[in-house]
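Undergrad: Predicted coordinates and the sequence they were generated for:
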Amino acid sequence: MEHQAISSEITFEHHTDDATFRKKVVRTTILLTVITIIELILGVGIYLIHKGPDPNAMLVLFFKGLVCILTLAKAYYIVSVFMHLGDEIRNMIMTIVVPLLLFIWFIIAFIVDGNSYKNLRNTYDKHFQETTTPKPHHGAEKAPVAEPQPGKQ
């Protein structure tokens, strides 16, 4: 009587060969490099706009939004190709992507909460404001201290 070792694990063979996958990875790497260069150029543009005599807030906001969109595109390609989720079933993709989106939401919530705490603490706690306000150097003229306005720091 012969015994065959049968695994309870279900595996699926990939339908692409190594050359096709390597070509896909190289193409994605070049695409990510181009997107990163565009983001850097936009970042330098934002810096130069801020440095100029009359910065245009709407143009800066547009460039920042464009950088966010390009960053999301890069995240999609990284997850799809390098994490091999592009070939998975939808439920597997959602199992990984939804907790990632929740993590990003947590980061945004903590940043907003920290900014609110900083602004409120500067408004209500005068001791904190006095201890964190830089003191003038020895021999420097005393300039009148302007009261900070809430939300304007």
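TA: Everything's here; your move.
Undergrad: The one helix or strand residue 50 maps to: how far from the chain's middle?
TA: Under the criterion DSSP states H and E, the helix or strand holding residue 50 is helix 18-51. Taking C-alpha atoms, centre = their mean, to the nearest Å, one finds the center of helix 18-51 at 15 Å from the center of the full chain.
Undergrad: ok, and for that helix, which residues are buried?
TA: Residues of helix 18-51 classed as buried: 28, 32, 39, 42, 46 (neighbour count, 16 or more other C-beta atoms under 10 Å). C-beta: built from backbone N, CA, C; applies to glycine.
Undergrad: Mind putting the residues you listed into a markdown table with pLDDT and distance to residue 134?
TA: As requested, the buried residues of helix 18-51 are exported to a markdown table (pLDDT from 0 to 100; distance: C-beta to C-beta, whole Å):
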| residue | pLDDT | distance to residue 134 |
| --- | --- | --- |
| 28 | 92 | 48 |
| 32 | 95 | 42 |
| 39 | 97 | 34 |
| 42 | 96 | 33 |
| 46 | 93 | 28 |
